[in-house]
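A.B. asks: From the sequence below, what's the structure:
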Amino acid sequence: MKNEKILLPEQTLAKAINFQVEKRLCVAAAILTGVASFFVAADLLAALFNNVSDRDWLSFLRHATFGVINAFLIYGGLVYLLTRWAYYTRRELHRAASADTLIRLFRADAPTLSILIPSYKEEDKVVFQTMMSAALQQYPKKRIVLLLDDPHHPKNEADRQSLALARNQPARIVETLRPMAKLTARARTDFYSRLASAHYATQTEFTFLFNAYQNVIEWFDTFARVYPVTDHTDRAFVDNVLKKQSSILTQRLVELQARKDESHSEALDTLLSLEYARLVALFSADASVFERKAFENLSHESNKAMNLNSYIGLMGKTLKRTRRAGVLFLEETDSESGDLTIPAADFLITLDADSLIVPDYALRLIDVMLQSGNERLGVIQTPYSAFPGATKALERVAAATTDIQYIIHQGFSHFNGTFWVGANALIRRTALNEIAVVEQERGYSVTRFIQDRTVIEDTESSVDLIERGWFLHNYPERMAFSATPPDFGSLVIQRRRWANGGLIILPKLLRYLGRGPLTRAKMAEAFVRIHYLASIAAVNIGLVLALAVPLATDLSTAWLPFTALGYFLMYGRDLKLIGYQYRDLFGVYAVNLLLIPINLAGVFKSMQQAWTKEKIPFGRTPKIGNRTATQPIFIIALFVLMLDWVFAGTISIADHYFLHGMFALINASILFYAITRYIGLRESWDDVFARTVAPRQRLGKTLYRRWIRVNRSTINVLGKTPIVRLVVKPKLALRVTNNATSKEAA
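C.D. replies: Now for the predicted structure:
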């Protein structure tokens, strides 16, 4: 039987590159950055001393601002080089657990697992693929729960149909897997019958097991072959769930065939029993759906965190549905009178409804959780990668930035600086219990395990966990994939949300970092964590200032470009290594310029929230086929920014500040390219005027109709005057005649 072997990017990477070479390149780039920074700092300090001596405080302010901006940009470059070095170090040292080690988790005493999938108005296909990737996890004792957050009583037919399809997803998953569930369960039952008989023979049992494996592999191969592939997300599902599953099982079958001729032993019987347990668990999908908005006394806060919190707070309880005054409540009760029991779980996987996890995700991560020394490991994850193969220009570049972020997050773990990235994670339930708080919402008590104070709830919960002595970890393989916004409108919603909250969380992080002795490890942790929370605000504000104003016109800044050269060279090299092209570096830079107003909007929202103490609404990223319109303010801001840079560059060149002038004009040109390439001039026009002119037109028509009603008697009187009869009515008659003639011609 032919079976295509699927390699994940890390596996390909391990075969293609020399980790030692990549680490040396990081060191060389960091040295170049350090040397260049030293000479720039020397020039800057000399200028600052001269400003103080001359009491030229305006120049002092300009030079100091220039120094702060460039210091933070250099800081960001060094963080990237440091985490890149750490990433390749971790990849070099990583040794995945063997299949013989992982098979132990199929014993009867394996920890329980619940996979929670929060969903809000997702496409039917998207939810099916995510749930299927969860249901096909190679792990026993797993439950899959779709936490459906759509409006409980839809107002239009499209939403009603979408809700009905979502509610039916668990049944659809179970029905898809039912034939193989019966087949594998019967194979295990037959094995135990033979094991208890006098005719049991080890070699014969291996033959039976091989046949069972072949049937399962053939089912996955057929599923992959017949599944309709219409875009790159479908291809990702087929490759990373179905074909990957087949590849893992095929490899395991080869390993088992090598043990066929071993002499009979009790250990071999245990191995056979566990292998049957693996095949049965693969298709044993306990899937259900839960809708918190159906119950009055559960949280109705409009965010993903409270959708998760509502269900987590009910786990391990027996509940009863009660209707009072026409409203449904869900209340804890005893086991006899309850009509709903939600089982407890030792571990939780939170998985966004537009994400996929590979078949051995749960198995490998729980194995790490159970290792000695990891008792205080609260969250383990693999930062998600973008679905490969995007055809749209913006989606491809946005995916590249996501895949580069994966490298950075992996490097964070080397310095104990891991942040929980909410698209997927395996969480120890006892860790959540330690950070839980009970609050009041609409007069009802609700428990918050995951913070919802900001829209980056996973980031703040990371700080809560490390404050209480837990640590977080990134597993060094790409085992999760998630959707990338396909157009600028949806990218705006996602990236504005990402930029909102870091400044609010930063004081909590600084309090944690300030406690205890300042060790070398603590300094390294602070170096990466602070940048993660503060970089979006500092870099975007700094770029706007640096491009708009010539801050260092009298400095000898020939070394300045070399402070960023190492960063850009390594960034481009990493793009190439993970499947992109060097030219995509230009696209990444262009998109980052495009996102400046969006990032600043998120930062200002953080400041607003810090001032008002009010929660900011959670903006969900649309996953729709059609283009998502962008708010006019962002399109206008981009053109204003571009014109400002053109003006600033022209003035600088006229004043003989050539370096700043060329820098501003080049960035203005790149921004114009980004607007035309990734948004479109026609689309920009539509987003601005379709959403501003149309309301004015509607308002004008409304006012006109009201004016007609109010002045109807006046119009009737005027209509009888001679001048109106002579001028207006003949024109009206002529218009009617022309319309009739046009209809006849048609």
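A.B. asks: Would you mind giving the secondary structure of L356?
C.D. replies: Secondary structure assignment for L356 (DSSP: H, G, I helix; E, B strand; the rest coil): strand.
A.B. asks: got the contact list for it?
C.D. replies: Shown here is L356, whose contacts under the criterion CB atoms under 8 Å, 6 or more residues apart in numbering are 129-130, 133, 236-237, 240-241, 480-482. All C-beta atoms are positioned from the backbone trio N, CA, C, and that covers glycine.
A.B. asks: Among those, which ones are in strands?
C.D. replies: Mapping those onto strands (DSSP state E) picks out 480-482.
A.B. asks: For L641, state which of these is nearest.
C.D. replies: Nearest to L641 among the ones in strands among the contacts of L356, counting by CB to CB, is S482 at 29.6 Å.
A.B. asks: The closest one: neighbour count?
C.D. replies: 23 (other CB atoms under 10 Å).
A.B. asks: Flag every buried residue along stretch 125-140.
C.D. replies: Of all the residues in stretch 125-140, those buried under the rule 16 or more other CB atoms under 10 Å are 126-140.
A.B. asks: repeat for stretch 100-120
C.D. replies: Residues 102-103, 105-106, 110-120 are the ones in stretch 100-120 that count as buried (16+ other CB under 10 Å).
A.B. asks: quick one: which two of those are the most distant?
C.D. replies: Looking across the buried residues of stretch 100-120, with CB to CB as the criterion, the two at the greatest separation are I103 and Y120, at 37.6 Å.
A.B. asks: returning to what we had before: just name the closest of the ones in strands among the contacts of L356 to N592, please.
C.D. replies: Of all those, N592 sits closest to S482, with 20.2 Å by CB to CB.
A.B. asks: what sits against that closest one?
C.D. replies: Contact criterion CB under 8 Å, 6+ apart gives 352, 354-356, 384-387, 402, 423-424 as the residues in contact with S482.
A.B. asks: Looking at the residues you listed, which is nearest M642?
C.D. replies: When those are compared for distance to M642 (CB to CB), T402 comes out closest, at 25.8 Å.
A.B. asks: Give me the pLDDT value at the closest one.
C.D. replies: pLDDT, the model's per-residue confidence, is 94 for T402.
A.B. asks: pretty sure it is touching F387, no?
C.D. replies: No. Because the distance of 9.7 Å does not satisfy CB atoms under 8 Å, T402 is recorded as not touching F387.
A.B. asks: more neighbours, those two?
C.D. replies: Higher neighbour count among T402 and F387: F387, with 25 against 18, using other CB under 10 Å.
A.B. asks: Can you tell me how far S299 is from Y361?
C.D. replies: As defined by CB to CB, to the nearest Å, S299 lies at a distance of 28 Å from Y361.
A.B. asks: which of those two has more neighbours?
C.D. replies: Between S299 and Y361, counted using other CB under 10 Å, the more crowded position is Y361 (26 against 23).
A.B. asks: List the residues that are in contact with both of T402 and F387.
C.D. replies: Shared contacts of T402 and F387 (CB under 8 Å, 6+ apart): 482, 484.
A.B. asks: Can you list the low-confidence ranges for the stretch 451-600 of the chain?
C.D. replies: Where the stretch 451-600 of the chain drops to pLDDT under 70, the residues are 553-557.
A.B. asks: same question, the chain
C.D. replies: Confidence mapping of the chain against pLDDT under 70 gives the ranges 1-16, 553-557, 615-626, 691-746.
A.B. asks: at 50 instead, please
C.D. replies: 1-7, 623-625, 694, 696, 699, 707, 714-715, 717-718, 720-746 (pLDDT under 50).
A.B. asks: Give me the most central residue, it.
C.D. replies: Among the residues of the chain, the smallest C-alpha distance to the mean C-alpha position (CA atoms, centre = their mean) belongs to A423, namely 5.0 Å.
A.B. asks: Tell me if I'm right that that one and S355 touch.
C.D. replies: Yes. At 5.1 Å, A423 and S355 qualify as touching, with contact defined as CB under 8 Å.
A.B. asks: List the buried residues in stretch 529-536.
C.D. replies: By neighbour count, and taking 16+ other CB under 10 Å as the criterion, the buried residues in stretch 529-536 are 529-536.
A.B. asks: same deal with stretch 372-383?
C.D. replies: Residues of stretch 372-383 classed as buried under the neighbour-count rule (16+ other CB under 10 Å) are 377-383.
A.B. asks: So what would you say the end-to-end distance of that stretch is?
C.D. replies: Stretch 372-383 has an end-to-end distance of 24 Å (CA to CA, to the nearest Å).
A.B. asks: hmm, who's touching that stretch?
C.D. replies: Residues external to stretch 372-383 that are found in contact with it (CB under 8 Å, 6+ apart): 361, 365, 368-369, 405-406, 409-410, 418, 420-421, 424-428, 431-432, 462, 465, 469-480.
A.B. asks: and the helix or strand containing S462, C-alpha only, in CSV?
C.D. replies: Assigned by DSSP states H and E, S462 belongs to helix 457-467. Listed next in CSV are the C-alpha coordinates belonging to helix 457-467 (Å, rounded to 0.1, in the frame of the first residue of the first chain):
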residue,chain,number,x,y,z
GLU,A,457,-6.5,37.3,27.9
ASP,A,458,-3.9,34.6,27.5
THR,A,459,-1.0,37.1,28.1
GLU,A,460,-2.3,38.4,31.4
SER,A,461,-3.1,34.9,32.6
SER,A,462,0.5,34.0,31.9
VAL,A,463,1.6,36.6,34.3
ASP,A,464,-0.9,35.4,36.9
LEU,A,465,0.5,31.9,36.6
ILE,A,466,4.2,32.9,37.0
GLU,A,467,3.3,35.1,39.9
